[in-house]
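Peer 1: Provided below for reference: sequence and predicted model.
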Number of protein chains: 2
Amino acid sequence: MSAMAGGDDDPPDEFGLIAELFAPLAAGYPGALGLTDDAAFIAAAPGFDTVATMDAMVAGVHFLPDDPPDLIARKLVRVNLSDLAAKGAVPAVVMLAAAFPCGTTRSWLRAFAHGLRRDLDHYGIALIGGDTVSTPGPLTLTLTALGQVATGRGLLRSGARPGHDIWVSGSIGDAALGLKAIRGELPGLADGHLAALADRYRLPCPRTGLGPRLIGLALSGMDISDGLVQDLGHICRASGVAAEVDAAVVPLSAAAAAAVKDDQSLLALVLTGGDDYELLFSAPPEAADAILILAKELGVPATRIGRVIDGGGADAVTVRGGDGQVLAIEREGWRHFRGPDDKGAGGWSD
Amino acid sequence: MSAMAGGDDDPPDEFGLIAELFAPLAAGYPGALGLTDDAAFIAAAPGFDTVATMDAMVAGVHFLPDDPPDLIARKLVRVNLSDLAAKGAVPAVVMLAAAFPCGTTRSWLRAFAHGLRRDLDHYGIALIGGDTVSTPGPLTLTLTALGQVATGRGLLRSGARPGHDIWVSGSIGDAALGLKAIRGELPGLADGHLAALADRYRLPCPRTGLGPRLIGLALSGMDISDGLVQDLGHICRASGVAAEVDAAVVPLSAAAAAAVKDDQSLLALVLTGGDDYELLFSAPPEAADAILILAKELGVPATRIGRVIDGGGADAVTVRGGDGQVLAIEREGWRHFRGPDDKGAGGWSD
């Protein structure tokens, strides 16, 4: 373990790396065995289902290689917790598999572990295991997150019913606009707005408080990672329904509203751009008051953006502008694994 | 989903890939939701702990880029199931995160999925989720495996006690010699022996039958992935004990015995080479007869190779030759994440 005592630019040894940087993140969880065993043990929780999700991120694809390492770690945690929140699950533990390029320095690793610790502490969860390997390619990070939900009560994509309302948490489109801001493609926008949008791209805010509280109110749910329109299409397909969205009521942050006011064509990006990590859910109209009260209690906006209708098929999602006319949405959102323009920030099927 | 109907060399689309190749592997497990939701649901199993492990493999590091894709998939499954077996857990489900290089063809992916299916069927487990992303780097595969063990009964590394016997399953050293065989570094060996060794390197045989049956007999356990001597050192450190191994009784396959007979210096490689994926466990002497009867019943050799003694520290493991003299072991086994010679096939701490 003494290998970690070396200089900041010496390549670290796996055992030292784990002992110094990662084992402390397991300290509060006895079943993690201090990351010194072959596997971790998770105690049975009678009355609860385990909810499991797994997301991978590749440098140069899902984040920039020179992004701050603590933010990379925190984004990795957060995109996974967003999946759990969307199912109504309370997060419990994570496992991390990291393929580090050979030149990875101790100082980079320390900053990465610091970010990891910060968010694990914030969300009250432990690192219970994983793997560290070397790679001749880019940094590749995979996180598995496990949570719990009362048996049979988890929110599925398949629960949307005609006549029910479609809701989103928070504001939509900030992350997609944030990536444009980072790239300098929103030249007319005020600095404060640019910074706000960039922050939302760099660090999602999973709705871990709201998700579990939606059980009993919402009947379907997912998180928005591939874009509102495409992800609503997933709910429609899984539920065998169609949906109408009123673009005029889709909630925008002040920064996003300013960007769209400058350039109306950005509305399509807002609706399809992805990386929102907001919750998209459906609920019967009689739940609306309770949802609004809950949202107020938690300080997380919740907005009705449309309704579930009969229908289905490939064009299940209709978006209407303020005048009631159907908007032609050029691109439905991200599809993964298609070449250099890919990202694929979500797990299978989000 | 129709994207998968394209030619064998067209890049596949993530949703089509999942629908055609991976969703069928989830068909028998309702909580996988056909790989069409954000997360999977695992029903509570009162009286059982969940055992969780995660291993990553990188092309060019843990396998050769032109290895047969079905064997790559099967090795990925097996190294993870070996960890579960070492804890006495019965495997239940896996999740797969795959970062595919952009040029990955449909035919490669089909062969990979075929291998995955073959082993999932063989071990009676389901794929319940994961992630597929693209990478500009090498193929990087991460598997999370979850199993079950009766609450509090899992085999830990920390259970070894002075006076107890040290056992291994199967035969030791075949995989390390197999890599040499593949590289043409065992020129004197008969073709049959070379093939047998190479097979053991390419496809481990996790002791999923033996592991769970050792509960109640063994008091500590792990699987051998970094090499017998180094992994026994892990058990010693975790248990606060030392160990003596009689090299003369370490079980060798006919092929390994022939190789060592040709070149005695290969014995050090046998003892330290790793990738065995055999079980290493300790048990009180009074359990010996029951272990031998169990091994015979299962058709899996089990061999007492030494004993746990008082002691500890950095040199906790002593290896004695046939004459009782202490053998100097040059290298203790693989340590991960140290540059181009690394492999790191195991999870954290194996």
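Peer 2: Sure, I can see it.
Peer 1: stretch A:266-284: end-to-end distance?
Peer 2: End-to-end distance of stretch A:266-284 (Cα to Cα, to the nearest Å): 31 Å.
Peer 1: how far is that stretch from where the chain is centred?
Peer 2: Distance of stretch A:266-284 from its chain centroid, counting by Cα atoms, centre = their mean, to the nearest Å, is 12 Å.
Peer 1: which ones are touching residue A:139?
Peer 2: Residues near residue A:139 by Cβ atoms under 8 Å, 6 or more residues apart in numbering or on different chains: A:58, A:59, A:65, A:72, A:98, A:99, A:100, A:101, A:104. Every residue, glycine included, has its C-beta placed from N, CA and C.
Peer 1: in these, which residue is surrounded by the most others?
Peer 2: Highest neighbour count within these, by other Cβ atoms under 10 Å in any protein chain shown: residue A:99, with 34 neighbours.
Peer 1: any figure for the gap between it and chain B?
Peer 2: With the distance defined as Cβ to the nearest Cβ, to the nearest Å, residue A:99 ends up 5 Å from chain B.
Peer 1: does that residue belong to a helix, a strand or coil?
Peer 2: Following DSSP: H, G, I helix; E, B strand; the rest coil, the label given to residue A:99 is strand.
Peer 1: that one bridge partners, please.
Peer 2: With DSSP bridges as the criterion, residue A:99 is bridged to residue A:133, residue A:140.
Peer 1: correct me, but it touches residue A:137?
Peer 2: Yes - assessed by Cβ atoms under 8 Å, residue A:99 is found in contact with residue A:137 at 7.4 Å.
Peer 1: mutual contacts of these two, please.
Peer 2: B:58, B:140.
Peer 1: quick one: low-confidence ranges for the stretch 251-350 of chain A?
Peer 2: Counting by pLDDT under 70, the ranges of the stretch 251-350 of chain A that qualify are A:330-350.
Peer 1: my guess is residue A:81 contacts residue A:91, does it?
Peer 2: Yes - the pair residue A:81 / residue A:91 is scored as a contact, 5.1 Å apart, by Cβ under 8 Å.
Peer 1: who has more neighbours out of these two?
Peer 2: Per other Cβ under 10 Å, whichever of residue A:81 and residue A:91 has more neighbours is residue A:81, with 31 against 25.
Peer 1: angles on the backbone of that one, please.
Peer 2: Backbone torsions of residue A:81, given as degrees, to the nearest 10, read phi -70, psi -30.
Peer 1: ok, and the closest non-adjacent residue to it?
Peer 2: Leaving aside its sequence neighbours, residue A:81 sits nearest to residue A:206 (Cβ to Cβ, 6 or more residues apart in numbering or on different chains; 4.3 Å).
Peer 1: how about residue A:163?
Peer 2: Nearest residue to residue A:163, sequence neighbours excluded (Cβ to Cβ, 6+ apart): residue A:308, at 6.7 Å.
Peer 1: please apply the same query to residue A:224.
Peer 2: residue A:276 is the one closest to residue A:224 (Cβ to Cβ, 6+ apart), at 4.1 Å.
Peer 1: so what's the one you found up against?
Peer 2: Counting by Cβ under 8 Å, 6+ apart, residue A:276 touches A:170, A:172, A:173, A:174, A:175, A:176, A:204, A:223, A:224, A:225, A:227, A:228.
Peer 1: most surrounded residue in those residues?
Peer 2: residue A:173 (33 neighbours).
Peer 1: show me what contacts it?
Peer 2: Contacts for residue A:173 (Cβ under 8 Å, 6+ apart) come out as A:250, A:252, A:256, A:260, A:266, A:269, A:270, A:271, A:273, A:276.
Peer 1: one more time with 7 Å, if that's ok
Peer 2: Going by Cβ atoms under 7 Å, 6 or more residues apart in numbering or on different chains, residue A:173 touches A:252, A:256, A:269, A:270, A:273.
Peer 1: try residue A:22
Peer 2: A:35, A:113, A:127.
Peer 1: can we see that at 10 Å?
Peer 2: Residue A:22 makes contacts with A:32, A:34-35, A:96, A:98, A:109, A:112-113, A:116-117, A:127, A:129-130, A:132, B:348, as judged by Cβ atoms under 10 Å, 6 or more residues apart in numbering or on different chains.
Peer 1: which ones among those are found in helices?
Peer 2: A:109, A:112, A:113, A:116, A:117 (DSSP state H).
Peer 1: can you pick the most crowded of those residues?
Peer 2: Highest neighbour count within these: residue A:112, with 26 neighbours (other Cβ under 10 Å).
Peer 1: quick check: closest non-adjacent residue to that residue.
Peer 2: Excluding its sequence neighbours, the residue lying closest to residue A:112 (Cβ to Cβ, 6+ apart) is residue A:69, at 4.0 Å.
Peer 1: quick check, that neighbour in contact with residue A:106.
Peer 2: No - using Cβ atoms under 10 Å, residue A:69 is not in contact with residue A:106; the gap is 11.4 Å.
Peer 1: what helix or strand is residue A:282 located in?
Peer 2: For residue A:282, the host element (DSSP states H and E) is strand A:279-283.
Peer 1: pick out the residue of chain A closest to chain B.
Peer 2: Nearest residue of chain A to chain B: residue A:137, at 1.9 Å (Cβ to the nearest Cβ).
Peer 1: now do the contacts for that residue.
Peer 2: By Cβ under 10 Å, 6+ apart, the residues touching residue A:137 are A:58-60, A:99, A:101, B:58-61, B:99, B:101, B:135-140.
Peer 1: center of chain A - which residue?
Peer 2: residue A:79 (3.0 Å; Cα atoms, centre = their mean).
Peer 1: that one and residue A:55 touch, don't they?
Peer 2: Yes - between residue A:79 and residue A:55 there is a contact under Cβ under 10 Å: 5.2 Å.
Peer 1: helices along chain A, start to end?
Peer 2: Counting by DSSP H, the helices of chain A are A:14-17, A:69-86, A:106-123, A:174-182, A:191-202, A:210-213, A:228-239, A:254-262, A:266-272, A:288-298.
Peer 1: can I get these in JSON lines with distance to residue B:286?
Peer 2: Below are the helices of chain A laid out as JSON lines (distance: least, Cβ to Cβ, whole Å):
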{"stretch": "helix A:14-17", "distance to residue B:286": "34"}
{"stretch": "helix A:69-86", "distance to residue B:286": "46"}
{"stretch": "helix A:106-123", "distance to residue B:286": "44"}
{"stretch": "helix A:174-182", "distance to residue B:286": "62"}
{"stretch": "helix A:191-202", "distance to residue B:286": "60"}
{"stretch": "helix A:210-213", "distance to residue B:286": "50"}
{"stretch": "helix A:228-239", "distance to residue B:286": "56"}
{"stretch": "helix A:254-262", "distance to residue B:286": "71"}
{"stretch": "helix A:266-272", "distance to residue B:286": "68"}
{"stretch": "helix A:288-298", "distance to residue B:286": "59"}
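Peer 1: please identify the most buried of those helices.
Peer 2: Among the helices of chain A, helix A:69-86 has the highest mean neighbour count (mean count of other Cβ atoms under 10 Å in any protein chain shown), at a mean of 26.
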